[in-house]
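1. Output the structure for:
(2 chains)
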2 protein chains.
Amino acid sequence: MTIEEIPARHAERRGRRPDRAHTAIQQLPWSQPRLTLEPSRILSDDQIEAIHLHSLAVLEDIGMDVLLPEARDILGKAGAVVEGERVRIGREIIAEALKTPPAEFTFHARNPLHSIRLGGNWIAFAPVGGPPNCSDAERGRRPGTLEDNGNFIRLAQFFNCIHTAGGGSVDALDVHASIRHLHIMRNKIELSDKVLFSPSTGRARLFDGMEMARIACGVSPEQFLEQPSIYTIINTNSPLKLDSPMAMGIIETARHGQICCVTPFTLAGAMAPVTILGALVEQNAEALAGLALSQLSKPGAKFVYGGFTSNVDMKSGAPAFGTPEYMKACIIGGQLARRYKLPYRTSSTNAANMVDAQAAYESVFSLWGAIMGGGNLIQHAAGWMEGGLVASYEKFALDVDLLQMLTEFLKPLDMSEDAFGMEAMKEVGPGGHFFGAQHTLQRYATAFYAPLISDWRNFQQWQASGSPQAWQKANELWKRALAEYSPPPLDPAIAEELDAFVVRRTEEGGEKTDF
Amino acid sequence: MTIEEIPARHAERRGRRPDRAHTAIQQLPWSQPRLTLEPSRILSDDQIEAIHLHSLAVLEDIGMDVLLPEARDILGKAGAVVEGERVRIGREIIAEALKTPPAEFTFHARNPLHSIRLGGNWIAFAPVGGPPNCSDAERGRRPGTLEDNGNFIRLAQFFNCIHTAGGGSVDALDVHASIRHLHIMRNKIELSDKVLFSPSTGRARLFDGMEMARIACGVSPEQFLEQPSIYTIINTNSPLKLDSPMAMGIIETARHGQICCVTPFTLAGAMAPVTILGALVEQNAEALAGLALSQLSKPGAKFVYGGFTSNVDMKSGAPAFGTPEYMKACIIGGQLARRYKLPYRTSSTNAANMVDAQAAYESVFSLWGAIMGGGNLIQHAAGWMEGGLVASYEKFALDVDLLQMLTEFLKPLDMSEDAFGMEAMKEVGPGGHFFGAQHTLQRYATAFYAPLISDWRNFQQWQASGSPQAWQKANELWKRALAEYSPPPLDPAIAEELDAFVVRRTEEGGEKTDF
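-> Now for the predicted structure:
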């Protein structure tokens, strides 16, 4: 898309809702689930402490390469030993940094009804973020465009079980890299009113993202400092390296009161030791280094502990996801985050090439680790495939059903006296059935979760309707969702201000990308 | 199969192993996993007690219809109020019955290396049991035969992650119902040396099953009483009804020192109240009634608490599996079983019509509920589809990969000093990679779980090899497994005794089925 096309985009803001004569998608209402069960614990407190102590030793003895001079200065002033780019961080610095971050806070959306809590036992599902490619059954696998980017944002907005506008959704490769972030951010603000992600892979990108979020929320620069309205994710250059944009992102989100999630990408056997324990030590060391830089930049800065430890296939070097090792790492990562009283980010992942049984079992195993691990922010929870190389429309729709099921699973059980069903059992008696019982008639319409994808017809009925596989039903669902979608209201003055900002920043060249 | 064909079967016993010039399937070794994590708790102790008390009220106020006069006599002598077929069981009877069953015991296989523990934190995976139909990609969906029955038993024997010879596997509809149990049991004993299931849907079936298991284990009738070597499953006629064969099964397994699992099939909205809580109260009442009959027949009888509460689709009446409601029921069922200190049986279920994403996600959600619910005996863990109407060869192979992944997930993490990877991190340093590190080279061959089905090739490689879906890889796997399978050794004298028993019981007419 070019800037000339902007007026055409405004039509959508005024667009009518599509014809809903046919049955609308019956989805769950907006809500943020909480993990009321105890999170799982794989390791004892002593063993968690051992990981902590080994991570401190890594930071003290090996240290990290920190490429941004300003970051080295900040760490050096706090007592870290700086030699060239290498920074060795003492345990007293980490101990101090652990005192100030909040355990739980509100993440503001431009629509206050869509603001969420991060931390505690709150769970937020964020959709796919970042793949260069997208795919759907009709058009196949292809590079992402701004139109696709918008479609994934529409889906994230449409489905109530998704809590963010998306972490970049699919990348918009048809827009020049220097200004792409402007268009993606405008997509998110115009097409969604849920909480925002901004990349921090460059100073201009982060500052543009923050400014656009501020405009979207309609707050002053001073208010913005007190109201976290974007989050960014820093994937350290594992092992033990923090490049300049990463360090900048940590420092500036802290200074601007925004949310920084440091997620080391520690694939055991590749960028981390070949043991899950070793990879977790490295993950933890890098996350703690990020925390230190964040808290030194601004004590009390909102910081999310990110875990993305998995393993590689040692035969091919391919990353593996949704594996037993991944589940363990998710759960132990959660134990570490809770030890530090930090919100915990994890992910729903898979390495499948199509929406088949593998895509489903790797995803649910991941979600098992993420949910039972106490994940607060679950990234890539809808649409992520091929280990992050593809955003899939069908997978997005399928994942929505999985997330809705988990939302239902996490709802507390109705323990009212009537729910015990004593009268119904008396009415029906031994050998009867409950289809016609009063208790059933009063409750049947909403008694159970009604899936969007699962096909529970018997084999003969299912075969007579063409033997649809789950991915085919998912294909229908995302198309219906896009047809039913309508953009959320946006103050025209804000829309105008955003457009003007995008025009100005485009003229200024956006992020410098031609080195 | 007819009796004339028996000699041909003997050839298999002497059969050579197939050519293994090609790579053999690399599966995990035999082991029985343990749940070292804390099982999940959805309800508080008080809420579990409330279910317990409501169940007691159901048994006292409504009671159960018990069709076997002997069972009514046993319960009546203990103080239950008998009116016609209705038996009201007082709470003091249940309290007494809860004092005697063992919390954990050994279940003996004819091969002692394949004996398992039931109860405590031990987990045993039993394959599909009972469907009338089977299916595979080449031959489609069809009624089961004795040959198919044998094939599923071969697969259960071949894969080390499966702990029983199967609960009937697919039914053998080509053998007359009166003698079918004899042929299926002989299949299990000849083709497998893992622990045995016997049906108890008739006196002759149960007694034939026990006698064949005794012969297989080579023990005297007296030893057999002390050595549980078969288990049976009683699915009560929910709601609140115990027919004659069921009551007989409970009484006689108790008297013969064998294992009885009472599993009410309480589908909320159909055979149980439309609330999960109500269905659990009913499940619990029926299980406790079974426990009382078992312990009154023989104090200390081995008893397994079975849970099979799920919901129906209220639009169609179709049973639903792997749902949020199913997960909750699995976990709360486990809380109840632990309150009673009884081994807990649950299941891996799905309602899918083919091995697609739905089959996978419903199965993994079920396994999540079953494992985190503290399930000790997980039935239908391989091959079950369509809510129990089909035993699928491809699903069996796919499930083996899931069970192996869970076995790996449940293995304690290596916490040795070397596993922390400190030397590797020092060797590699910031910005390097671990592919060539000493630590990696020493461990890479066995570092991570190597899946049997999951395809981790990149999209291009995967596409070049024909874009195989998971079910296609599963199709290859079960065929390879059957080709690699060889029957376990069986003492020729025992085989001869078994054959003679089958011949004699066939001449006697087996179980009376022509009413």
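
2. Which residue is the nearest non-sequential neighbour of residue A:226?
-> Leaving aside its chain neighbours, residue A:226 sits nearest to residue A:257 (5.9 Å; criterion: Cβ to Cβ, 6 or more residues apart in numbering or on different chains). The way it works is simple: take the backbone N, C-alpha and C, and place the C-beta from them, glycine included.

3. Report the residue spans of the stretch 201-350 of chain A with pLDDT below the cut-off.
-> Within the stretch 201-350 of chain A, not a single segment meets pLDDT under 70.

4. In it, what residue spans correspond to strands?
-> Here the stretch 201-350 of chain A has its strands, by DSSP state E, counting those that start in this stretch, at A:230-234, A:241-242, A:259-262, A:267-268, A:303-306, A:310-312, A:319-320, A:344-347.

5. Just send the ones you listed back as a markdown table, with distance to residue A:144 and mean neighbour count too.
-> Output for these, formatted as a markdown table (distance: least, Cβ to Cβ, whole Å; neighbours: other Cβ atoms under 10 Å in any protein chain shown):
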| stretch | distance to residue A:144 | mean neighbour count |
| --- | --- | --- |
| strand A:230-234 | 18 | 27 |
| strand A:241-242 | 28 | 24 |
| strand A:259-262 | 23 | 27 |
| strand A:267-268 | 24 | 28 |
| strand A:303-306 | 24 | 28 |
| strand A:310-312 | 24 | 27 |
| strand A:319-320 | 20 | 24 |
| strand A:344-347 | 19 | 28 |
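
6. residues in contact with the residue nearest to residue A:226?
-> Neighbour list for residue A:257: A:224, A:225, A:226, A:227, A:228, A:298, A:301, A:302 [criterion: Cβ atoms under 8 Å, 6 or more residues apart in numbering or on different chains].

7. Restricted to helices, list those residues.
-> Judged by DSSP state H, helices contain the following of the contacts of residue A:257: A:224, A:225, A:226.

8. From chain B, how far off is the last one?
-> Applying Cβ to the nearest Cβ, to the nearest Å, the value for residue A:226 to chain B is 36 Å.

9. so how many other residues sit close to that residue?
-> Residues lying near residue A:226 (other Cβ atoms under 10 Å in any protein chain shown) number 10.

10. For chain B, give me its nearest residue in the stretch 351-500 of chain A.
-> For the stretch 351-500 of chain A, the residue positioned closest to chain B under Cβ to the nearest Cβ is residue A:421, at a distance of 2.4 Å.

11. can you pull the contacts of the residue in the stretch 201-350 of chain A that chain B sits nearest to?
-> The stretch 201-350 of chain A approaches chain B most closely through residue A:278 (2.4 Å), counting by Cβ to the nearest Cβ. Residues counted as contacts of residue A:278 (Cβ under 8 Å, 6+ apart) are A:268, A:272, B:419, B:420, B:421, B:422, B:424, B:425, B:439.

12. next one: residue A:359
-> A:350, A:352, A:385, A:395, A:398, B:357, B:360.

13. Kindly report the same for residue A:331.
-> Residues in contact with residue A:331 (Cβ under 8 Å, 6+ apart) are A:39, A:40, A:41, A:42, A:369, A:372, A:373.

14. ok, and which of those reach chain B?
-> Here is what survives when these are matched to chain B using Cβ under 8 Å from any Cβ of the partner chain: A:40, A:41, A:42, A:372.

15. shaky segments in chain A?
-> Regions of chain A meeting the criterion pLDDT under 70 cover residues A:1-22, A:514-515.

16. count of neighbours near residue A:504?
-> Residues near residue A:504, counting by other Cβ under 10 Å, number 10.

17. what's the helix or strand for it?
-> Secondary structure from DSSP states H and E places residue A:504 in helix A:492-507.

18. Can you give me the buried ones in that helix?
-> Neighbour counts over helix A:492-507 (16 or more other Cβ atoms under 10 Å in any protein chain shown) mark A:494, A:495, A:498, A:499, A:501, A:502, A:505, A:506 as buried.

19. just to revisit the earlier point, now that we have the contacts of residue A:331, which of them are buried?
-> Buried subset of the contacts of residue A:331 (neighbour count, 16+ other Cβ under 10 Å): A:39, A:40, A:41, A:42, A:369, A:372, A:373.

20. In the stretch 51-200 of chain A, what residue spans correspond to strands?
-> Applying DSSP E, counting those that start in this stretch to the stretch 51-200 of chain A gives strands spanning A:64-66, A:81-83, A:86-88, A:104-107, A:116-119, A:124-125, A:133-136, A:140-143, A:196-197.

21. and those as JSON lines, adding distance to residue B:69 and mean neighbour count?
-> Putting these into JSON lines (distance: least, Cβ to Cβ, whole Å; neighbours: other Cβ under 10 Å) gives the following:
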{"stretch": "strand A:64-66", "distance to residue B:69": "79", "mean neighbour count": "25"}
{"stretch": "strand A:81-83", "distance to residue B:69": "86", "mean neighbour count": "13"}
{"stretch": "strand A:86-88", "distance to residue B:69": "83", "mean neighbour count": "20"}
{"stretch": "strand A:104-107", "distance to residue B:69": "63", "mean neighbour count": "19"}
{"stretch": "strand A:116-119", "distance to residue B:69": "61", "mean neighbour count": "22"}
{"stretch": "strand A:124-125", "distance to residue B:69": "57", "mean neighbour count": "26"}
{"stretch": "strand A:133-136", "distance to residue B:69": "65", "mean neighbour count": "24"}
{"stretch": "strand A:140-143", "distance to residue B:69": "68", "mean neighbour count": "14"}
{"stretch": "strand A:196-197", "distance to residue B:69": "70", "mean neighbour count": "27"}
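
22. Nearest residue to the middle of chain A?
-> residue A:379 (2.4 Å; Cα atoms, centre = their mean).

23. check contacts around that residue.
-> Applying Cβ under 8 Å, 6+ apart, we find residue A:379 in contact with A:126, A:129, A:167, A:233, A:345, A:346, A:347, A:348.

24. so which of these also contact chain B?
-> By Cβ under 8 Å from any Cβ, no member of those lies near chain B.

25. Between all of the residues you listed, which two are separated the most?
-> Farthest pair in those (Cβ to Cβ) is A:233 and A:348. Separation: 15.1 Å.

26. hmm, stretch A:136-150 in reach of chain B?
-> Yes - using Cβ under 8 Å from any Cβ, stretch A:136-150 reaches chain B at residue A:141.

27. Measure how far that stretch is from the centre of its chain, please.
-> In terms of Cα atoms, centre = their mean, to the nearest Å, the centre of stretch A:136-150 is set 20 Å apart from its chain centre.

28. and if you look at stretch A:207-219?
-> 20 Å.

29. residues in contact with it?
-> Contacting residues not belonging to stretch A:207-219 are listed as A:108, A:110, A:181-182, A:185-186, A:189, A:196, A:198-200, A:221, A:224, A:227, A:229-230, A:232, A:252, A:256, A:258, A:491, A:494, A:497-498, A:501, A:505, A:510-511 [Cβ under 8 Å, 6+ apart].

30. Would you write a PyMOL line that selects the buried entries of the residues you listed?
-> PyMOL command restricting these to the buried ones, with burial defined by 16+ other Cβ under 10 Å:
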select buried, chain A and resi 108+110+181+182+185+186+189+196+198+199+200+224+227+229+230+232+252+256+258+494+498+501+505+510+511
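
31. Who does residue A:312 form a beta bridge with?
-> residue A:319 (DSSP bridges).

32. what's near enough to touch it?
-> Residues near residue A:312 by Cβ under 8 Å, 6+ apart: A:267, A:268, A:269, A:270, A:318, A:319, A:320, B:448.
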